[in-house]
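A.B. asks: Coordinates only, no sequence provided:
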């Protein structure tokens, strides 16, 4: 048994609910380890002190007095009633749980950013001219490919938009005629 396992077993040892094997192992460890023996003595002393403390009888009128002195409306509702309409809407944002939620959100995103794109120290091998040139060349090719793809997509969108505008610009009779001409020309081929 090690010192870490002692912390978990102290309550059960004091209550007397440990199995005989575990109890023997704990007692053997506390004989050999002065820090754990002192911890066991402190916990046992605290439990003995609490058992010797006298029970305090609660006054019968205590509950009545607490209920009488408690305000009829909740303190937050009373505070919101006293402030203006703008603060009424922003009051929930001023709660500690909202601030903690925002702090945890920011922390989560920062941790996620660190693990998604880890930053590492530059090494001498990273500064070799061949590696630097390869990196710059790769970056240039990727940028060029993105530009070409953007241009092609833009051209496609322009062509589709022009075709839609042409269709919308024709009267309904011409659209029906052009559809029937298209079908006839497709059948004759």
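C.D. replies: Looks like it arrived, so ask away. Every value quoted in this text rests on a predicted model; they were computed, and no experiment measured them.
A.B. asks: Can you name the residues in contact with whichever strand or helix holds residue 47?
C.D. replies: Using DSSP states H and E, residue 47 sits within helix 34-52. Contact with helix 34-52 is made by 3, 6, 7, 10, 13, 14, 29, 30, 31, as judged by C-beta atoms under 8 Å, 6 or more residues apart in numbering. In short, each C-beta sits where N, CA and C put it, glycine included.
A.B. asks: Which of the residues in that helix are classified as buried?
C.D. replies: Buried residues in helix 34-52, counted by 16 or more other C-beta atoms under 10 Å: 36, 39, 40.
A.B. asks: Contact partners for residue 145?
C.D. replies: Contacts for residue 145 (C-beta under 8 Å, 6+ apart) come out as none.
A.B. asks: mind checking pLDDT for it?
C.D. replies: You'll see residue 145 listed with a pLDDT of 91.
A.B. asks: One more: residue 186?
C.D. replies: Per the predicted model, pLDDT is 49 at residue 186.
A.B. asks: Also the one 3 residues further on?
C.D. replies: With respect to pLDDT, residue 189 scores 45.
A.B. asks: could you measure the nearest residue to residue 30 once chain neighbours are set aside against residue 28, distance?
C.D. replies: What sits nearest to residue 30 in space, not counting adjacent residues and going by C-beta to C-beta, 6 or more residues apart in numbering, is residue 37, at 4.4 Å. For residue 37, the distance to residue 28 (C-beta to C-beta, to the nearest Å) stands at 11 Å.
A.B. asks: and residue 18, what element?
C.D. replies: Per DSSP H and E, there is no helix or strand for residue 18.
A.B. asks: Tell me how many other residues crowd it.
C.D. replies: For residue 18, the neighbour count with other C-beta atoms under 10 Å is 17.
A.B. asks: wait, isn't it in contact with residue 26?
C.D. replies: Yes. Here residue 18 lies in contact with residue 26, judged by C-beta atoms under 8 Å, at a distance of 6.9 Å.
A.B. asks: shaky segments in this protein?
C.D. replies: Scanning the chain for pLDDT under 70 picks out 72-88, 117-119, 170-189.
A.B. asks: for it, what spans make up the helices?
C.D. replies: Ranges of helices in the chain, per DSSP state H, are 3-15, 20-32, 34-52, 62-69, 75-82, 85-90, 96-116, 129-169, 172-188.
A.B. asks: Which residues does the second one contact?
C.D. replies: Outside helix 20-32, the residues within contact range by C-beta under 8 Å, 6+ apart are 1, 2, 3, 6, 9, 13, 18, 36, 37, 40.
A.B. asks: at 6 Å instead, please
C.D. replies: Residues outside helix 20-32 that contact it (C-beta atoms under 6 Å, 6 or more residues apart in numbering) are 1, 9, 13, 36, 37, 40.
A.B. asks: from those residues, which single one is nearest residue 107?
C.D. replies: residue 9 (34.5 Å; C-beta to C-beta).
A.B. asks: how far away is the closest one from residue 89?
C.D. replies: Distance, residue 9 to residue 89, using C-beta to C-beta: 53 Å.
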